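**Student:** The sequence and its predicted three-dimensional model are supplied below.
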Amino acid sequence: MAEFVLTCSSTVDMPESFFKERGIPFICYYFIMDGKEYPDDLGKTMSFEEFYRRLDAGAMPITTQINMDRFIEFFEPFLKEGKDVLHVEMSSGLSGTFNSCRMAQEELEQKYPERKIRVVDSLCASSGFGLLVESAADLRDQGMDIDAVYNWLQENRLHVHHWFFSTDLTHYRRGGRISAASAAFGTLLHICPVMNMDYKGAIVPRKKTRGKKNAIREIVEKMKEHAWGGTNYSGKCYICNSDCEEDARALASLVEAEFPNIKKPIPITTIGTVIGSHSGRGTVAVFFFGDKRVD
């Protein structure tokens with residue numbers, strides 16, 4: 001059985017220690033801020049504090065897709081070493097990068113016909129994407145081969161739930177995820193829309209709540225409704241935030257209280273620079289395994 005390398009992109013929004021400890025190489029997205037291009041490299045080139053400070057000062061970053069050539073440069077060294085490649089990519093419902101990945105796959109399969117190259121459209125983003133990749137790493141470490149892990153990912157990617165809210169709707173409006181009128185109305189009335197990822201891997205507003213406390217309670221109710229086993233859920237869970245850790249900790253405390261069997265403490269991660277370019281400051285999200293996303 002050939003050795004394979006599990007890879008992903010930087011938009012899993014996981015800490016550097018995760019990639020090192022689990023042996024997962026990653027490829028960076030890029031963003032442009034104030035006319036300069038920066039890599040989404042886990043806060044190394046631009047710290048998360050600096051990134052969100054500049055957003056507050058009015059910066060409007062633009063993100064760029066990873067093109068086919070960069071994927072080829074990323075994958076080829078592993079193939080030359082005689083390793084197969086299993087790459088998991090951020091949702092095609094949010095970015096066209098998956099298509100570039102597929103194009104690189106097709107070209108490299110012709111050049112290295114003896115190697116296996118598998119690419120997965122995660123239909124996930126941020127630490128939900130990270131949760132899926134972490135699960136793939138667990139299966140790899142248990143001895144599953146590349147095809148078995150690939151099949152598991154294809155079958156289970158829609159079982160990863162993403163529920164989140166935001167107190168700043170500016171960047172969601174810019175990205176077309178909510179209308180300008182809804183953003184203005186929501187800001188005026190302190191509306192925090194509760195959103196999730198649908199079965200196509202796109203962001204969908206689900207409910208309007210008034211204030212952060214109500215939004216946090218609503219997200220926990222959604223978790224009760226959808227998590228495997230309801231409040232008996234004992235699987236992994238991640239909470240992510242864009243420079244609003246106090247709100248993230250409030251959500252973590254409520255989840256830990258309502259789900260006594262959940263793995264504790266719940267890891268709290270930071271929304272990185274590419275996802276943060278679209279969410280802005282003030283987003284809090286919870287990710288967990290549950291019933292299949294069907295709408």
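**Tutor:** That came through fine. Residues are numbered from 1 along each chain as shown.
**Student:** Only C-alpha atoms from now on, for both contacts and neighbour counts.
**Tutor:** Will do.
**Student:** tell me the SS of Leu139?
**Tutor:** Recorded secondary structure, Leu139: helix (DSSP: H, G, I helix; E, B strand; the rest coil).
**Student:** what's the burial count for it?
**Tutor:** Other residues near Leu139 come to 16 when the count uses other C-alpha atoms under 10 Å.
**Student:** In space, what's closest to it - neighbours in sequence excluded?
**Tutor:** Closest residue to Leu139 apart from its sequence neighbours, by C-alpha to C-alpha, 6 or more residues apart in numbering: Val149 at 6.5 Å.
**Student:** Repeat that for Gly272.
**Tutor:** Nearest to Gly272 is Asp13, by C-alpha to C-alpha, 6+ apart, at 5.6 Å.
**Student:** Tell me the pLDDT of the one you found.
**Tutor:** Confidence at Asp13, expressed as pLDDT, is 97.
**Student:** my guess is it meets Ser127, correct?
**Tutor:** Yes: when contacts are counted by C-alpha atoms under 8 Å, Asp13 is listed as touching Ser127 (5.2 Å).
**Student:** Can you check which residues contact both of the two?
**Tutor:** Residues touching both Asp13 and Ser127 by C-alpha atoms under 8 Å, 6 or more residues apart in numbering: Thr269, Ile271.
**Student:** what does stretch 198-214 rub up against?
**Tutor:** Defining contact as C-alpha under 8 Å, 6+ apart, one finds that stretch 198-214 is touched by 91-94, 123-124, 158, 167, 177-178, 189-197, 215, 247, 293-295.
**Student:** Span of that stretch from start to end?
**Tutor:** 22 Å (C-alpha to C-alpha, to the nearest Å).
**Student:** Report the mean confidence score over it.
**Tutor:** Stretch 198-214 comes out with an average pLDDT of 92.
**Student:** starting at the chain centroid, how far to it?
**Tutor:** Centroid separation for stretch 198-214 versus its chain: 16 Å, with C-alpha atoms, centre = their mean, to the nearest Å.
**Student:** one step back: so which residues make contact with the helix or strand hosting the residue nearest to Leu139?
**Tutor:** Val149 is part of helix 146-156, with elements assigned from DSSP states H and E. Applying C-alpha under 8 Å, 6+ apart, the contact partners of helix 146-156 are Phe4, Asp84, Val85, Leu86, Arg118, Val120, Ser122, Leu132, Ala136, Leu139, Arg140.
**Student:** helix or strand for the third one, which one?
**Tutor:** I take that to be Val85. Val85 is part of strand 84-89, with elements assigned from DSSP H and E.
**Student:** by how many degrees do the very next helix or strand once past that strand and strand 84-89 diverge?
**Tutor:** Sequence-wise, the next helix or strand downstream of strand 84-89 (DSSP H and E) is helix 97-111. Calculated by axes from the mean of the first three to the mean of the last three C-alpha atoms, to 10 degrees, helix 97-111 forms an angle of 170 degrees with strand 84-89.
**Student:** just checking, next helix/strand downstream of helix 97-111?
**Tutor:** The element immediately downstream of helix 97-111 (helix or strand, assigned by DSSP H and E) is strand 117-121.
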